[in-house]
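Enquirer: got a predicted structure plus its sequence, pasted below:
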Amino acid sequence: MTKKLLILGAGTGGTIMANHFVRRLDRSEWSITVVDRDDVHYYQPGQLFIPFGI
Ligand SMILES: Cc1cc2nc3c(=O)[nH]c(=O)nc-3n(C[C@H](O)[C@H](O)[C@H](O)COP(=O)(O)OP(=O)(O)OC[C@H]3O[C@@H](n4cnc5c(N)ncnc54)[C@H](O)[C@@H]3O)c2cc1C
């Protein structure tokens, strides 16, 4: 039976964890699901560029 890893939140933390585990877990044994209420993630540190028109 496939083992399941559920990650709640596809923001910075969720994305880092998904990338971390997808490289380390055996893909034939594990499935990874990431759940978020939004289809789009806005990288928050990038918002610092907005006031400067970058
Ligand atoms: C302007 C700005 C600049 C920043 N600069 C830096 C920096 O230079 N360096 C640094 O280390 N940090 C910086 N940060 C902080 C950093 O962005 C946050 O600490 C980091 O994004 C937090 O990651 P997180 O995964 O906890 O939350 P988030 O990245 O916010 O992700 C949370 C996710 O959970 C989802 N979610 C929440 N509630 C629910 C729900 N009920 N159901 C479904 N989905 C849900 C959201 O949609 C979101 O996608 C900055 C933040 C801001 C605003």
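Expert: Ah, there it is.
Enquirer: same question for the helix or strand where residue 7 lies: list its buried residues.
Expert: Following DSSP states H and E, the helix or strand that holds residue 7 is strand 3-8. For strand 3-8, burial by neighbour count (16 or more other CB atoms under 10 Å) applies to residue 7. C-beta coordinates here come from the backbone N, C-alpha and C atoms, glycine included.
Enquirer: got it, and stretch 14-23?
Expert: So for stretch 14-23, counting by 16+ other CB under 10 Å, buried means 14, 15, 17, 18.
Enquirer: would you pull up the residue in this structure closest to the ligand?
Expert: Closest contact between the chain and the ligand, by CB to the nearest ligand atom, is at residue 11 (1.7 Å).
Enquirer: neighbours around the nearest residue to that residue once chain neighbours are set aside, how many?
Expert: Sequence neighbours aside, residue 41 is the residue nearest to residue 11 in space, at 5.8 Å (criterion: CB to CB, 6 or more residues apart in numbering). Residue 41 has 13 neighbouring residues, counting by other CB atoms under 10 Å.
Enquirer: give me the most central residue, the protein.
Expert: Nearest to the mean C-alpha position of the chain, by CA atoms, centre = their mean, lies residue 15 at 2.0 Å.
Enquirer: let's verify it: helix, strand, or coil?
Expert: helix (DSSP: H, G, I helix; E, B strand; the rest coil).
Enquirer: next one: residue 26
Expert: State at residue 26, reduced to three classes by three-state DSSP: coil.
Enquirer: perfect, I'm done here.
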